[in-house]
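Colleague: Here is my input, please return the structure:
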Amino acid sequence: MNNPDRPLGKKIYVCQSGLPLSFELEWPFHNSTSGADFSVLHADIALENAQGLHAPVSVNMSATVREVMPSLEAKDIEAPVINALRKEVDRKQIEFLKSGKRVPVQFSSRYYDFKRSKWVFGKATDEAIALLIARKVYWQTKVAGGPVWVGDPTEALFLETAPEHVLEIAHKLRSQELMTLEGEWASANASLMAQAEKFEADMRAAVAELEQKHAYERG
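Modeller: Numbering: from 1, shown residues only. Model prediction:
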């Protein structure tokens, strides 16, 4: 499931809080110029449908995490980087502005289980998986068009499940006539797009909580 058979443009990833994000990752990782023992990747996280709000970040990968990676190439590390940034957004650690200074984000063993040798981003229930898929298909369709790759292994990693299980849940959404499926690709039906107010209300509520948290911290 790592080789989609259709071209991909902008890819939208949705947080558990309902925020639709896209990522620009400036490969490759490079050694810290400060002399510290970590590797750095510059990135920009765009909050889609939000009139230019974004978050420039510096992903600081600890030496401990670097040791468990087969390589620092995008094919091996892109998925956990994207998912770690998504979780930091869910934890309200990243603020979105129309301009802003690059913020350091620690890519550390917080999200790696050394006992089981696997990434952990929070085990999702089937209900949570279904909601995330519905949001993903809605936002991808609205922002960039479809069809939408629901078999993306990055999503399965984020949800702590297998790509096959994500597709199984997607088939249940198909049976509810919310989308059509062709292999690992989903196309939104009118009934899903008709839920626009719900998805966008979820986004507005999540943005409001995020802004309130950072406003409080600034005093």
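Colleague: Check the protein for its longest strand and report it.
Modeller: Determined from DSSP state E, the single longest strand within the chain is strand 20-31.
Colleague: Buried ones in that one, by neighbour count?
Modeller: Under the neighbour-count criterion of 16 or more other Cβ atoms under 10 Å, strand 20-31 has Pro20, Leu21, Ser22, Phe23, Leu25, Phe29 buried. The C-beta positions use only the backbone N, C-alpha and C, and glycine is treated the same way.
Colleague: With stretch 176-188 instead?
Modeller: Leu178, Met179, Leu181, Glu184, Trp185, Ala186, Ser187, Ala188.
Colleague: Any idea how many residues pack against the nearest residue to the first one once chain neighbours are set aside?
Modeller: The shortest distance from Leu178 to any non-neighbouring residue, by Cβ to Cβ, 6 or more residues apart in numbering, is to Leu192 (4.3 Å). By other Cβ atoms under 10 Å, the residues close to Leu192 number 21.
Colleague: Distance from the chain centre to the host helix or strand of Leu192, please.
Modeller: Here Leu192 sits within helix 190-193, counting by DSSP states H and E. Relative to the centre of its chain, helix 190-193 is centred 23 Å away, using Cα atoms, centre = their mean, to the nearest Å.
Colleague: contacts for it?
Modeller: Ala134, Val137, Tyr138, Thr141, Lys142, Gln176, Glu177, Leu178, Met179 (Cβ atoms under 8 Å, 6 or more residues apart in numbering).
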